[in-house]
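need a 3D model of the sequence below.
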Amino acid sequence: MGHAKETSLDGRTALITGAGSGIGREAALTLAAEGAHVVVCDRDEESGRVTVEQVETAGGKAVLVLADVSDDDQMRAAVEAAVSHTGGLHILFNNAGIFPEGDGSPVETPLDIWDWVIDVNLKGVFLGCKYGIPAMLDSGGGSIINTASFVAVMGAATSQIAYTASKGGVLAMTREIAVEYARQGIRANALCPGPVRTPLLEEFLADPVQKAKRLVHIPMGRLAEADELAKAVLYLASDASSYVTGTTFMVDGGITSAYVTPE
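Next up is the predicted model:
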């Protein structure tokens, strides 16, 4: 019984960005199943609605808020809407991110691609925290989970300079937030997934040769499932992780521990 109680999120509100698909949607379903009132934040209304419907069908509570995380006014409004709909903010999962075509080596990546990736992946997390933290303080504290990546701690073999830099920034920013707010009841941790089986990556790894090349670097020999990341989010969001803050929380199937994985 103790464990079930520790991960209970009854009476708490969770704002999840990029909740219309992938890890964000799974996290919405997982947190709602533990009693959280989930604020599904996405810029795509259709996919956001699907997540809300799935949460409600499973017996959970969810509300949709539309926002582009890189837009200051929209993120301020999203947090305000979350608080007015649900009465507070206790969990902030800054999950939205992009990995566009054209993000490659430093010499080849166009400036507009660099700006776009930094805008969404790094500034988007900053804006979530900028407006989320005051709301969390008003609500008595809580947990911030920022999506970084395993490439935040090691160089990617495939050049993706903007993405890698943005995720490294998320990692550093999360540590600073954790230290600054530790005595004010707010915890902050960086979730660092390895490659996750999402539609985005499936498309990228459609070529079996590419896929085999990638899997050789993962000791577990497979991609993560989105719900495996969602369970890590639940742990970081709940009282089960009450003494955990400022961490680089690796959920990577062993990638960052491996030098060479035997085939």
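
so for stretch 220-234, mean pLDDT?
Stretch 220-234 shows a mean pLDDT of 95.

now do it: distance from first to last residue.
22 Å (C-alpha to C-alpha, to the nearest Å).

what's the answer for stretch 145-159, then?
Distance across stretch 145-159, first residue to last, is 26 Å (C-alpha to C-alpha).

any weak-confidence spans in the stretch 151-263 of the chain?
Applying pLDDT under 70 to the stretch 151-263 of the chain picks out residues 200, 260-263.

I'd say Lys211 and Glu203 touch.
No. Between Lys211 and Glu203 there is no contact under C-beta atoms under 8 Å: 11.5 Å. The way it works is simple: take the backbone N, C-alpha and C, and place the C-beta from them, glycine included.

number of nearby residues for Thr198?
By other C-beta atoms under 10 Å, the residues close to Thr198 number 21.

please apply the same query to the one 5 residues further on.
By the measure other C-beta under 10 Å, the count of residues near Glu203 is 8.

dump the residue contacts of Thr57.
Contacts for Thr57 were tallied using C-beta atoms under 8 Å, 6 or more residues apart in numbering; there are none.

now it: how far from Leu29?
Distance, Thr57 to Leu29, using C-beta to C-beta, to the nearest Å: 10 Å.

show me where the protein has helices.
2-6, 22-33, 45-57, 72-86, 111-117, 124-138, 161-181, 199-204, 208-215, 226-237 (DSSP state H).

got those helices as CSV, with distance to Thr147 columns?
What follows is the helices of the chain, written out as CSV (distance: least, C-beta to C-beta, whole Å):
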stretch, distance to Thr147
helix 2-6, 23
helix 22-33, 7
helix 45-57, 16
helix 72-86, 16
helix 111-117, 14
helix 124-138, 8
helix 161-181, 7
helix 199-204, 13
helix 208-215, 20
helix 226-237, 9
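
isn't Ala33 right up against Gly60?
Yes. Ala33 is in contact with Gly60 according to C-beta under 8 Å; the separation is 6.1 Å.

the more surrounded of these two?
Taking other C-beta under 10 Å, Ala33 and Gly60 do not tie; Gly60 has more neighbours (20 against 17).

winner for burial among the helices of the chain?
Of these, the one with the most neighbours on average (mean count of other C-beta atoms under 10 Å) is helix 22-33, at a mean of 26.

which helices and strands does that one pack with?
strand 13-17, strand 37-42, helix 45-57, strand 61-66, strand 91-94, helix 226-237 (3 or more C-beta pairs under 8 Å, 6 or more residues apart in numbering; DSSP states H and E).

any idea how far the last one is from the chain center?
Shown here is helix 226-237, whose average C-alpha point lies 10 Å from the average C-alpha point of the whole chain (C-alpha atoms, centre = their mean, to the nearest Å).

the first one too?
Chain-centre distance of strand 13-17: 10 Å, with C-alpha atoms, centre = their mean.

repeat that for stretch 171-187.
Going by C-alpha atoms, centre = their mean, where stretch 171-187 is centred and where its chain is centred differ by 16 Å.

same question for stretch 168-177.
The answer for stretch 168-177 is 13 Å, by C-alpha atoms, centre = their mean.

and if you look at stretch 225-237?
Per C-alpha atoms, centre = their mean, the centroid offset for stretch 225-237 relative to its chain is 10 Å.

please report how far the nearest residue to Asn121 once chain neighbours are set aside lies from Thr51.
Counting by C-beta to C-beta, 6 or more residues apart in numbering, Asn121 lies nearest to Ser166, which is 3.6 Å off, once chain neighbours are set aside. Relative to Thr51, Ser166 is positioned 24 Å away (criterion: C-beta to C-beta).
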